[in-house]
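Engineer: Build the 3D model from these lines:
(4 chains)
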There are 2 protein chains.
Amino acid sequence: MFGDELSERKRRILKALVEAHIEAGEPVGSKFLTENKQIACSSATIRNEMAELEALGYLEQPHTSAGRVPSEMGYRFYVNSLAHDYAMTTCEIEEINKLLKVKMKEVDQILLLASKVASTLTNYTGIAVKPRNPGVTVTRFEGFVIDSNTFILVMVMSNSTVKTKSIRAENGIDSGKLGRLITLLNRYIAGLNSSEITLPIIMELESELGADSEFITPIIKIIYDVMNEVDRGELKISGVDRLLQYPEYSDTEEFREMLGALEDKEDILNIVSGAKGDSINVVIGSESSVKVMNHSSIVFKPITTRDGRTLGAIGVIGPLRMDYAKVLATIAGVSGRLADLLNDTSLPESKDSEGDIKDGQ
Amino acid sequence: MFGDELSERKRRILKALVEAHIEAGEPVGSKFLTENKQIACSSATIRNEMAELEALGYLEQPHTSAGRVPSEMGYRFYVNSLAHDYAMTTCEIEEINKLLKVKMKEVDQILLLASKVASTLTNYTGIAVKPRNPGVTVTRFEGFVIDSNTFILVMVMSNSTVKTKSIRAENGIDSGKLGRLITLLNRYIAGLNSSEITLPIIMELESELGADSEFITPIIKIIYDVMNEVDRGELKISGVDRLLQYPEYSDTEEFREMLGALEDKEDILNIVSGAKGDSINVVIGSESSVKVMNHSSIVFKPITTRDGRTLGAIGVIGPLRMDYAKVLATIAGVSGRLADLLNDTSLPESKDSEGDIKDGQ
DNA sequence: TTTAGCACTCAATGTGCTTAAGTGCTAACC
DNA sequence: GGTTAGCACTTAAGCACATTGAGTGCTAAA
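Structural biologist: Got it, this is the predicted structure:
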């Protein structure tokens, strides 16, 4: 496995150095490490070891007369060595419970809230992700008349969300006409994803509808738009300002790029979409292949229901020298508590149109 | 009117100084102003005038040997003197049209898009505001059954938006039961705002509903939540990163506070909610009484339909030395084009559940 | 009333010196 | 052979100090 080439002493030195650097944010020198009781040797020895660790790629030196700083590889070794044995104090668990024990809201809201909690507890920027939903379909259409020219079209989507559009019919609408429309939509369009709605189908629909067929094109357009809208992933950010407390972001240009990325969302969405499994993911610096993230790390965890559906993900973004131990513990704690809440049978039995329908459990 | 006490020459000097400062961002000296052909006198004369302008409160001096900087009062004079005669080049108008000529979406989306356009054109941070909606009511309830345990409750709100919730009924639901519930909700709850739903009403509803009355409390709770949700204003931000290009925000602590305010949204929402009329509002620095905004200005304009309903507002946030002429022109241009779009009869006849129903025009 | 001239102020910039932290290397040590 | 003490070397950071230059206020003359 990764890092096997290292002697026990090298590992100890590397671990101590990473931790010291995470805490202080400054290069760590050999002398400082001698204070660590786990490493019982002189600064000269440590210097020799550090030189080798640098040659192996685990450490870097900002300039000749400075101490060492972990490389991305160094951080990676550190994170791997943590190996899921991060634990939280009961006090912290208590705090998560307190913060999350608010009235339940839609899933989106819960994820956002959870990411805010994670952000608060860790002091890094929180992210809440609603995943992409390629190929959603409308499973069922409903509708009702508002007035002689307006009706509301309700679409129950395949991912269990509900969308409504209020539609104005210039030529008037009544419940009979609307009923026919809904029936036909359920017959011809329900179950199709956006790429399956082809011209022949629309034409067949038109001919069936007869007199009111001029109606159909704009409505199909609306349905199409709704599908695309549900398709798109979403990313919500909280606590951007927290990043500014870390000196790595005091370089204005760098921070500006980061802000841009947080606003654009596309890149970060891609990183999170490429998650492996539903365990905690740690993406360190250039591992992400997104340029602006090269000096930052993302830690996130997909959130799934007990029956395996992915609801989204929560996580935090911070500098390379993120306090991984704390962050991993916090994300694990928050997402664990979240799972409890989501699967708790004592839930209020409602979700928003934006949210999910709880399917019988 | 404001600034009447000033001689023509003082006005010219003040205007030239504000413009020079807006452009360069640095204190402006007397010598520089002699280059302005509108002001035909020596630097010594200008110095005398500037000393008087400072005494009157229009200018400030960072330190003795620096030039002068406009005070908030100075900016205010400048903005007032612009007096709505800001014009855009046809090229810029063209650009707005190009940028806004996308497919129509919900009102929220249009406002957000328009604020993004304003942000891009001016290079300041854009804001899109959906106003508070105190005392919304549900004008009509609808519902339909999804499966034997789930139904969807549709609420048409008094501000013409539509909200849906999917609700799980532990004891089962059928269309008869649901029909009775909807009828009763329409009879007892429709037309009431959240503070008018009192316990006696709920109890009456319960007794009418008879056997299935244990149902009613959670549903009322849901309706209550939806009302509060619609009640709340919303604020969307775009282009925060643009602020970083202005040296006034390179002071990290200051920028951090600003970021906090942009994220919290409450303060800015308050400022925009206190808008006077539906013309362009300019809030300069401490005029806003919100501390974090003391070194920034907000320019925004409420967006109303032709029949007078307020849909929201768009605007930009930037440093005190914002290019007011350009910003005013841009906001006027964008909001004008927006009004065209919103009132255009050739609109697709749809709006989202989050958006508005076009009421017959 | 305007302007030229001049002494004065003060931030910004540059320069050299010192300091302190940290390294690499060598030679002695166990 | 691994470990350590010692020392020369490197470098960023901090500090004092002089220099510069933009800009002012004031005075006296035009």
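Engineer: CA only for contacts and neighbour counts going forward, please
Structural biologist: OK.
Engineer: Not counting its neighbours along the chain, what's nearest residue A:306?
Structural biologist: Spatial nearest neighbour of residue A:306, excluding adjacent residues (C-alpha to C-alpha, 6 or more residues apart in numbering or on different chains): residue A:343 at 6.7 Å.
Engineer: got it, and residue A:132?
Structural biologist: Ranked by C-alpha to C-alpha, 6+ apart and with sequence neighbours excluded, the top spatial neighbour of residue A:132 is residue A:233, at 4.0 Å.
Engineer: Read off the pLDDT value for the one you found.
Structural biologist: As predicted, residue A:233 sits at a pLDDT of 87.
Engineer: residues contacting it?
Structural biologist: Contact analysis of residue A:233 by C-alpha atoms under 8 Å, 6 or more residues apart in numbering or on different chains lists A:129, A:130, A:131, A:132, A:133, A:269.
Engineer: repeat that for 6 Å
Structural biologist: The contact partners of residue A:233, taken as C-alpha atoms under 6 Å, 6 or more residues apart in numbering or on different chains, are A:130, A:131, A:132.
Engineer: Restricting to those residues, which residues neighbour DNA strand D?
Structural biologist: Checked against DNA strand D using C-alpha under 7 Å from any atom of the strand, those yield no neighbours at all.
Engineer: re the thing from before, neighbours around the residue nearest to residue A:306, how many?
Structural biologist: As a burial measure, residue A:343 scores 15 neighbours (other C-alpha atoms under 10 Å in any protein chain shown).
Engineer: Just read off the phi/psi values of residue A:125.
Structural biologist: phi -80, psi 130 (degrees, to the nearest 10).
Engineer: who does it bridge with?
Structural biologist: In this entry, residue A:125 is beta-bridged to residue A:317, by DSSP bridges.
Engineer: and the closest residue to DNA strand D within the stretch 51-200 of chain A, helix, strand or coil?
Structural biologist: The stretch 51-200 of chain A approaches DNA strand D most closely through residue A:65 (3.9 Å), counting by C-alpha to the nearest atom of the strand. What DSSP: H, G, I helix; E, B strand; the rest coil gives for residue A:65 is coil.
Engineer: Give me the neighbour count for it.
Structural biologist: 8.
Engineer: and residue A:110, what element?
Structural biologist: Following DSSP states H and E, one finds residue A:110 within helix A:107-122.
Engineer: Briefly note if that helix comes near chain B.
Structural biologist: No - Helix A:107-122 does not reach chain B (C-alpha under 6 Å from any C-alpha of the partner chain); its nearest approach is 11.8 Å.
Engineer: what's the burial count for residue A:154?
Structural biologist: Residue A:154: 22 neighbours (other C-alpha under 10 Å).
Engineer: Quickly list what it is bridged to.
Structural biologist: As for beta bridges, residue A:154 partners with residue A:142, residue A:164 under DSSP bridges.
Engineer: How confident was the prediction at the residue nearest to residue A:306?
Structural biologist: Here the pLDDT value assigned to residue A:343 is 70.
Engineer: repeat for residue A:358
Structural biologist: Predicted confidence (pLDDT) for residue A:358: 31.
Engineer: For the residue of the stretch 101-250 of chain A found nearest DNA strand C, which non-adjacent residue is closest in space?
Structural biologist: Scanning the stretch 101-250 of chain A for the residue nearest DNA strand C gives residue A:247, at 17.3 Å (criterion: C-alpha to the nearest atom of the strand). Nearest residue to residue A:247, sequence neighbours excluded (C-alpha to C-alpha, 6+ apart): residue A:25, at 7.9 Å.
Engineer: ok, so what distance separates that neighbour from residue A:67?
Structural biologist: Distance, residue A:25 to residue A:67, by C-alpha to C-alpha, to the nearest Å: 12 Å.
Engineer: And the two? Which one has more around it.
Structural biologist: Of the pair residue A:25 and residue A:67, residue A:67 is the one with more neighbours under other C-alpha under 10 Å, namely 20 against 16.
Engineer: How many residues are close by the nearest residue to the more buried one once chain neighbours are set aside?
Structural biologist: What sits nearest to residue A:67 in space, not counting adjacent residues and going by C-alpha to C-alpha, 6+ apart, is residue A:29, at 4.2 Å. Using other C-alpha under 10 Å, residue A:29 is surrounded by 20 other residues.
Engineer: How about residue A:66?
Structural biologist: Counted by other C-alpha under 10 Å, the residues lying close to residue A:66 total 12.
Engineer: Residue A:45 versus that one, what's the distance?
Structural biologist: Taking C-alpha to C-alpha, one finds residue A:66 at 17 Å from residue A:45.
Engineer: Ok, residue A:91 next?
Structural biologist: Separation of residue A:91 from residue A:45 (C-alpha to C-alpha) stands at 40 Å.
Engineer: same check, this time on residue A:262
Structural biologist: 44 Å.
Engineer: Skip ahead from the helix or strand residue A:48 falls within and say which helix or strand is next.
Structural biologist: Here residue A:48, judged by DSSP H and E, is contained in helix A:43-56. Going down the chain from helix A:43-56, the next helix or strand is strand A:59-60, by DSSP H and E.
Engineer: got the contact list for whatever helix or strand comes next after that following strand?
Structural biologist: Remark: after strand A:59-60, the chain's next helix or strand is strand A:69-70, criterion DSSP H and E. Outside strand A:69-70, the residues within contact range by C-alpha under 6 Å, 6+ apart are A:27, A:59, A:60.
Engineer: Give me the phi and psi for the first one.
Structural biologist: When quoted as degrees, to the nearest 10, the phi and psi of residue A:27 stand at phi -60, psi 150.
Engineer: That one and residue A:65 touch, don't they?
Structural biologist: No - using C-alpha atoms under 6 Å, residue A:27 is not in contact with residue A:65, being 10.3 Å away.
Engineer: who has more neighbours, residue A:91 and residue A:45?
Structural biologist: residue A:45 (13 against 9).
Engineer: what are the ranges of the strands in the stretch 251-361 of chain A?
Structural biologist: Using DSSP state E, counting those that start in this stretch, the strands found in the stretch 251-361 of chain A span residues A:281-284, A:296-304, A:310-319, A:350-352.
Engineer: As CSV, those with distance to DNA strand C and mean pLDDT would be great.
Structural biologist: Formatted as CSV, those follow (distance: least, C-alpha to the nearest atom of the strand, whole Å; pLDDT from 0 to 100):
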stretch, distance to DNA strand C, mean pLDDT
strand A:281-284, 24, 96
strand A:296-304, 24, 95
strand A:310-319, 21, 94
strand A:350-352, 54, 43
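Engineer: Just put the ones you listed in CSV and tack on distance to DNA strand D and mean neighbour count.
Structural biologist: Formatted as CSV, the strands of the stretch 251-361 of chain A follow (distance: least, C-alpha to the nearest atom of the strand, whole Å; neighbours: other C-alpha atoms under 10 Å in any protein chain shown):
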stretch, distance to DNA strand D, mean neighbour count
strand A:281-284, 25, 21
strand A:296-304, 21, 23
strand A:310-319, 18, 25
strand A:350-352, 52, 24
